[in-house]
Each structure stands twice: as C-alpha cells, then as structure tokens.
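> Fold the stuff below for me.
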Amino acid sequence: MRRTLLSLAALAALGAALPASAAEIGVRTADHPGFTRIVVDFSDRPEGWRLGRAGDGYELRTQDPATSFDLSDVWRRIDGDRLSSLANARPGVLRFTVDCACTLTTIELPNQWLVIDVNDGAAPAGHPYEQALAPVDPAVATASVPDGAMPVGPVQGPANLPVVLDEPTPPLLPGALDRAANDPGAAVRHRRADETREALARQLARAAAQGLVDVVPPVPSEPPVAQAPDVAVATEQAPVPDLPLEDRPNVRIETQMDIDLAGQLGDRPGGAPASCPRDDRLDPTTWAEGDLEHGWVGSARAGLIDARDAPDAEGHLTLARQYLWLTFGAEALSLLETMPHDRVRDELAGIARLMDGRPAGSGPLAGLHNCDGPAALWGVLADPGPATPRRTAGDAVIAAFSALPAHLRRHLGPPLAQKFIAGGDLDTALAIRNAIDRLPALETEPQVEMLKATIDIEQGEEAAAETRLEQVSQSRSDEAATALATLIQRRIDTDTTVGPALVANAEALAYELKGAPEGEALQEVAIRALISDRDYAPARDRLAPGGQVDDPGMREALIDAYFERLATHAADAEFLPHAVASAALHPTAAPGRLPVADRLLALGLTGPARAILGSPDIIPSVEERLILARIAVIDDRPRIALGYLAGLDTARATEIRTEADAQLTRQEAATAEAAPPPPDPAAPPPVPGTLAGNRALLDDSRSIRDGLAALLSAGDAEE
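Residues are numbered from 1 along each chain as shown. The predicted model follows:
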C-alpha cells in the first residue's frame, strides 16, 4: 500500500502546475563570540509571528502563505558550529536546527527586521521558545499552499517510520505555457490535478493515522531559488530526472523487517541511530568513475562549474568522493569547505578527517556504529571510544571493510582494528587483519605490521611481535617512532636488557622529532631504558637540572623511577657512589628517594641521607619526619628527634621515640655526674692570684661554657 501511495505522490508532483509567485524575505546570518545571529529582513513584520520547537528543530511561523525566504546567502559568514540547517519548511515557515546546547532570543528592530540569536548555553526550564508549536493540520497545510505546489505539512505518525516528501519543482518545457493557453483541455487537466492533490492529502492523512507513513518538512541541501512564472524561466529550467521512487531524495520506504531490525538495534546499550543513511552514500566502492590512468579526476574537476559558469554542487561532491577514494582527505575537505552545510556534505567532511587520521567531530557520522553496511564502518572510525562487541555491529563492519579496494583496506584497516582491540573484540580485529592479508603483499607496510604486532602482543606471541616492531622501527615511516617506543617498553616491562643500540636509536629519533608528542615519548622511554639497564650515571646526567628533560612532571616521574631502581637492585658497592652523587638531582617530591635514604641510614651515612631528602625549607611529610628523627638519633641529638616525632603515634614513631627518650636520659645523667660539687658557703672565698683562686676562675669559665652549649643545643632542638 505504501509504495502505491507514494507513487501517487510522485505522479501528482510531476503533474503539478507552476506555483504562484511569492514574496521573498531575505535572511542573513553571522557568527559572533558566544552567539550566531539570524536576521530576517521583513519589510512589514507580521504581527502574529511565532517561534518555537517543531520536531528536532525550531520554526518561525508567519501565517502568510505568500511568504518565502531567500536563503542563498545564509552560509557565507558562519561555520555551522551552532546552526546546522536552515530551510523553507513550507510557505510562510522558516525552519532551522541547531547543533549545540543553546538558547534562543529575539529582537524586534524598528525597521521591521526580526533578529534571532542562537546563544551558547542551555535554555532554562520553561523558556518560551522551547515550547512546542501546535502540529500543522494536513488540510490546513494543503489549503495554504499556492495553486500548483505539493502540500508538505507534517502529518503526525510514528517517530521510527520517517517518510519525507519534498516539495518538487514542476517540469516545464519550452512553449508549455503557450500550449496550455491554447489547449481547450488544459482547464480539465488542471482541475483533475487539483482533485488528485486533494485526494492524495486525504490518503496521506489516513495512512499517517494508521501509522504507515510520516510526512515531515524537508531540509533541502541548498536554498531554494524563487522564480517568476514567465516563459524565460520555464525555458531554462531542467526537467525533473526520472528516478525510481525508492531513489528519490525525498522518499524513504521501510518494510516491517526494517522496523523490527531497528527495534532490535535499539535494545543494544549503544542504541541505534534514528536514521541510517543509504548504503550508496557512504560506500567508497562507488566513488571511482573510471581508470586512474585516464585522468578521471581531471574530468571530475571540469564538472565543478556548470554550463552557466556557476558552481555545481553535485560536481563538488563527485570530486570530493574521488579524492576520498584516493585517501586525499585534506584535498577533499578543502573542497567541501566551500559548500553549504547539509547532511551529505558533512558526512563526506567527517570521512575526509578520518582519512587523514583526525577526529571526525560531532557530525552525522557519530552514532552510526549500529547501522548496517558502510555506515557501520565509518561510525566505528568516527567514535572516539573503543569498539566494544555490545555497542557495534561487528559483522556489518567486516563485510563493508572486506568490500573495500586494496589501498583503502591497507589505509583504514590498522586504525579500524585498533578500535576493536581497545574494546576487547579480538575476533573482529583478526577478521580485519585477515582481510588485509588476503591482498597481495607490498614491500613495506608499516601500518599493517604495527597492527599485526599489536595482535601478536594480545595473543602472547612476544617473539613475533618483537620481530615486527624491530622491522618497523628501522623504517623511515611515520610508525617508526611508535614501534621503537613500544619495543623498548616491552623489554622494560619484561625486565629484559634493552641495550645501548636501541637507546641510541631512540635518542637520535627523539632529537629529530623534538617538540612532537612522539619525540617526547621516545625521550622518556630512552631514559627509562637506561634506568632499567642500571646505567645509573648516564641516566642521572640526563635527569640533572638543565639536562635533556624539560617537562617538570616527566622529570619528577623519571627521578622517582631512578631512585626506586637504585634502592632495590643495586649492590652496596654500586649503590653507595650513585646514591651519594644523586643528591645533585635535588628532588623534592619523588617518593622513590625515601628507600634510598633508609638504605643510607642502615649503612650509618646520615649526611647523604639528609641530602637525598632535599631542602629543609620544605615541610616534610610523615615518612620524611620519621627518617629525619632517625638521623637525629644516630647523630646523638635526641631533643631534635623528639621534635620531629611530635604528634606521631605510629608503631615506628613509638619505637624511635623510646630510643630518643633513653638517649636523652643517658645524656642528662652524664651531665649530672660531670657537674662540679656546689661550693661550701662556710668556706672563705678564694683569693684572686692564688692557686685556689685561679682554679675557681677556671671552674666558673667551664660552667659558663657548658651553659652556653646547653642553650645552643636547646635552640637546635626547637628548630
């Protein structure tokens, strides 16, 4: 029933007469910091205009069937970050959608213009322009359309069954109006066309009420151009192409199987997109139109301009697809950026970014990983997260990938398989690798070898993985740095000697890539290799202030790894010289220096242990206070040790405090024994100059000196 019903729509559209002329209202746009402005150039702003929600977008309704909007200049000064589409929904209605969490505000200017601002920031609850507008009655929409135009008012139906009937342009041939004027049967045919349109509107309303179709306002790929109903325009207008009904851009046909499949996909955690594009839109196998040797790209470039020397939108899309078939992402994106935003253009722009290894962004490719056909492949590549089995139609991805030509499989296979490896779906990654292995082998395929090495690592094939990584690291490819860093890190993780040759290669390549993320990663892994191989002196030289590491966070982490390795793996003869020399690193927060200080204290070396802990100006942590208390006890300064232990009640603190208290008791007892007896008050005072007088003077001096020493010791303890 649906195919018959929509065929009637197509017949009615082809038989429609020329629409009546309508007033065109200019629409201008511009991007500003924080908002995008839409200016509607009303000469006489209607009093009853309404703005609000309509479906997934907004509508400005003027209630004037003779009004249309000139949108030919709306995309010249904006980039589409906020405003994603803007179109004539039907006479008197301007529809637009936004791609942001934004708030609408309006300004009525004295010159009758209406300003609509799309401001950054979500609208508050109850915002007037977030209220849904009343649905349009199909009968009212039909009555408001000028004679000869197709009714396009939305008929409410199920949300999961979108059928879009676009407003067609009637075919006009030279002399059509003259023949119509002289044809006595023209009036009868016009009356029959009117009757057909009315019957079609009633049938559409009935079908929508039964849940069979859903007619919504179309979003054209480019702004419509108003044309006056004269013979000159009719002569120049191209006829409507005779396409099968299912291939028309404004028609979508769904069977019950489609609905059931969409319901099953909706049960997945990732959810299914509201609408999956047709396979031919995203299928690269249809984008090459001939033999590369015969210059088909040049022929496509000739199609960028039509016979009137005006840009041809379809010619731009054709050339962009051919660029993408060649993996020329930057060239395709540069071409697409000259076109107005629509879904097809934005899909190709996302694919162009993926071809160059860049994120696709939040365009129409997002959320397609649950579709069937090529859409699933691009959806997985566009998804910033891993491709987990429960979120992705893996079988559809494998089928679409296996159908790609050889060069696209080699180009897209590695990043695609890495998505599935990251998501734990090794079976799908293996299927992608096998699809690449079926191709004739090339002399060097660094990307493919990196993929195979990753799969070898996941399967525990360490020897095979190391062989592949060594091969790629010795190439002059973009993957060489990643392969070399992975190879060295694998040896570090397995506590295998890295060797000076690999370290030298890593440092040389890091110097070539200085400033790039790959260069910083190689520099870090090279120093870690020196630490792992217990080459402490060269590692210490690279970590010293003013050495090869400029990033403070990286330097602190590497110093920590250096101290941890030195404390746990070095013999005493090796440990002592490197530990003493490591005080020059001046660490302040690396926790790995604490085991080094503990080991120095075990050897009775309090000075180097204090130097390893760093500057005394920094407030020590609890662990550092315990080490400093032990240093004070070893140096026979119990009062200072008790000061560091104040407020600590751990078992280790109690142990050190007990030792410090005992030490302090012994010192006080020794001081009491060494003190001279108190003078006899009955004895006569010594006479100065005599032996007794001189002895008394010396005793007084010694007593004063001991008192000063005690005061100084007390001052140190307080510090």
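> mind checking the longest strand of this structure?
What stands out as the longest strand in the chain, according to DSSP state E, is strand 23-32.
> Could you list every helix and strand that whichever helix or strand comes after it packs against?
Using DSSP states H and E, the helix or strand that directly follows strand 23-32 along the chain is strand 35-40. Secondary-structure packing of strand 35-40 (3 or more C-beta pairs under 8 Å, 6 or more residues apart in numbering; DSSP states H and E): strand 23-32, strand 83-90, strand 114-120. The C-beta positions use only the backbone N, C-alpha and C, and glycine is treated the same way.
> closest to Ala366 out of those strands?
Among those, strand 83-90 comes nearest to Ala366, with 12.6 Å by C-beta to C-beta.
> partners of the next helix or strand after that closest one, with directions?
Downstream of strand 83-90, the first helix or strand assigned by DSSP H and E is strand 93-98. Strand 93-98 sits in its sheet next to strand 57-61 (antiparallel), strand 83-90 (antiparallel), going by DSSP bridges.
> hang on, the earlier thing: kindly export the longest strand of the chain (C-alpha atoms) in CSV.
What follows is strand 23-32, C-alpha atoms only, in CSV (Å, rounded to 0.1, in the frame of the first residue of the first chain):
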residue,chain,number,x,y,z
ALA,A,23,7.3,37.5,-1.8
GLU,A,24,10.8,36.6,-0.8
ILE,A,25,12.2,37.7,2.6
GLY,A,26,16.0,37.9,2.8
VAL,A,27,17.7,36.0,5.5
ARG,A,28,21.2,36.9,6.7
THR,A,29,23.5,35.2,9.3
ALA,A,30,26.7,35.9,11.0
ASP,A,31,28.9,34.3,13.8
HIS,A,32,29.8,36.3,16.9
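> Please report the distance of the closest residue to Thr286 other than its chain neighbours from Leu530.
The shortest distance from Thr286 to any non-neighbouring residue, by C-beta to C-beta, 6 or more residues apart in numbering, is to Asp280 (5.6 Å). Distance of Asp280 to Leu530, computed by C-beta to C-beta, to the nearest Å: 56 Å.
> Would you map out the domains in the chain?
Per the record's domain assignment (automatic domain parsing), the chain is made up of the domains 2-247, 278-361, 362-586, 619-674, 684-719.
> Let me have these in CSV, extended by mean neighbour count and distance to Arg599.
Shown next, in CSV, are the domains of the chain (neighbours: other C-beta atoms under 10 Å; distance: least, C-beta to C-beta, whole Å):
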stretch, mean neighbour count, distance to Arg599
domain 2-247, 16, 57
domain 278-361, 17, 48
domain 362-586, 18, 6
domain 619-674, 16, 11
domain 684-719, 11, 26
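> So which of those domains is nearest Leu594?
Closest to Leu594 of these is domain 619-674 (C-beta to C-beta; 5.5 Å).
> now the closest one: how far from the chain's centre is it?
55 Å (C-alpha atoms, centre = their mean, to the nearest Å).
> Report the mean per-residue pLDDT for it.
The pLDDT scores in domain 619-674 average 85.
> cool, stretch 496-515 as well?
Computed over stretch 496-515, the mean pLDDT rounds to 87.
> Kindly report the same for stretch 330-345.
Stretch 330-345 shows a mean pLDDT of 90.
> To Pro389, which of the helices and strands packed on strand 35-40 lies closest?
Of those, nearest to Pro389 by C-beta to C-beta is strand 83-90, at 31.7 Å.
> Mind jotting down where the helices sit in the stretch 601-719 of the chain?
606-613, 622-634, 638-644, 651-674, 691-718 (DSSP state H, counting those that start in this stretch).
> between these, which one is nearest to Gly121?
Nearest to Gly121 among the helices of the stretch 601-719 of the chain is helix 622-634 (46.0 Å), distances taken as C-beta to C-beta.
> And that closest one, what does it pack against?
If you count contacts as 3+ C-beta pairs under 8 Å, 6+ apart, helix 622-634 packs onto helix 593-602, helix 606-613, helix 638-644, helix 651-674.
> For Ala573, which of those helices is the nearest?
helix 593-602 (13.2 Å).
> re earlier: in CSV, list the domains of the chain along with distance to Gly604.
Shown next, in CSV, are these (distance: least, C-beta to C-beta, whole Å):
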stretch, distance to Gly604
domain 2-247, 66
domain 278-361, 58
domain 362-586, 12
domain 619-674, 7
domain 684-719, 21
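> Low-confidence stretches in the stretch 1-150 of the chain?
Scanning the stretch 1-150 of the chain for pLDDT under 70 picks out 1-23, 137-150.
> Leaving out chain neighbours, which residue sits closest to the residue nearest the centre of the chain?
Centroid-nearest residue in the chain, with C-alpha atoms, centre = their mean: Pro384, separated by 5.6 Å. Distances taken as C-beta to C-beta, 6+ apart place Pro359 nearest to Pro384, at 6.5 Å, with adjacent residues excluded.
> ok, now Asp73?
Nearest non-adjacent residue to Asp73, counting by C-beta to C-beta, 6+ apart: Arg28, 6.3 Å away.
> Tell me the confidence at the nearest residue to Leu600 once chain neighbours are set aside?
Closest residue in space to Leu600, ignoring its immediate chain neighbours: Ala609 at 4.0 Å, by C-beta to C-beta, 6+ apart. pLDDT recorded at Ala609 is 83.
> Pull the contacting residues for Ala609.
Ala597, Asp598, Leu600, Leu601, Ile627, Ile631 (C-beta atoms under 8 Å, 6 or more residues apart in numbering).
> I'd like to know how far the residue nearest to the fifth one when sequence neighbours are not counted sits from Gln663.
Read it as Ile627. Closest residue to Ile627 apart from its sequence neighbours, by C-beta to C-beta, 6+ apart: Ala597 at 5.2 Å. Look at Ala597 and Gln663: by C-beta to C-beta, they are 21 Å apart.
> ok, now Ala516?
According to C-beta to C-beta, Ala516 and Gln663 sit 58 Å apart.
> picking that back up, would you mind putting the contacts of Ala609 into TSV with distance to Glu556 alongside?
Shown next, in TSV, are the contacts of Ala609 (distance: C-beta to C-beta, whole Å):
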residue	distance to Glu556
Ala597	17
Asp598	20
Leu600	21
Leu601	23
Ile627	19
Ile631	24
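> Taking those residues together, which two end up most distant?
Maximum distance among the contacts of Ala609 (C-beta to C-beta): 10.8 Å, for Asp598 and Ile631.
> picking that back up, can you pull the pLDDT of the residue nearest to Thr286?
According to the prediction, Asp280 has pLDDT 80.
> Wait, it touches Val344, no?
No. Using C-beta atoms under 8 Å, Asp280 is not in contact with Val344; the gap is 11.1 Å.
> Let me know the secondary structure of Arg76.
coil (DSSP: H, G, I helix; E, B strand; the rest coil).
> Which other helices and strands does the longest strand of the chain contact?
Counting by 3+ C-beta pairs under 8 Å, 6+ apart, strand 23-32 packs on strand 35-40, strand 67-70, strand 83-90.
> partner strands of the second one, parallel or antiparallel?
Paired with strand 67-70 in the same sheet, following DSSP bridges, are strand 23-32 (parallel).
> Having no further points to raise, I will conclude here.
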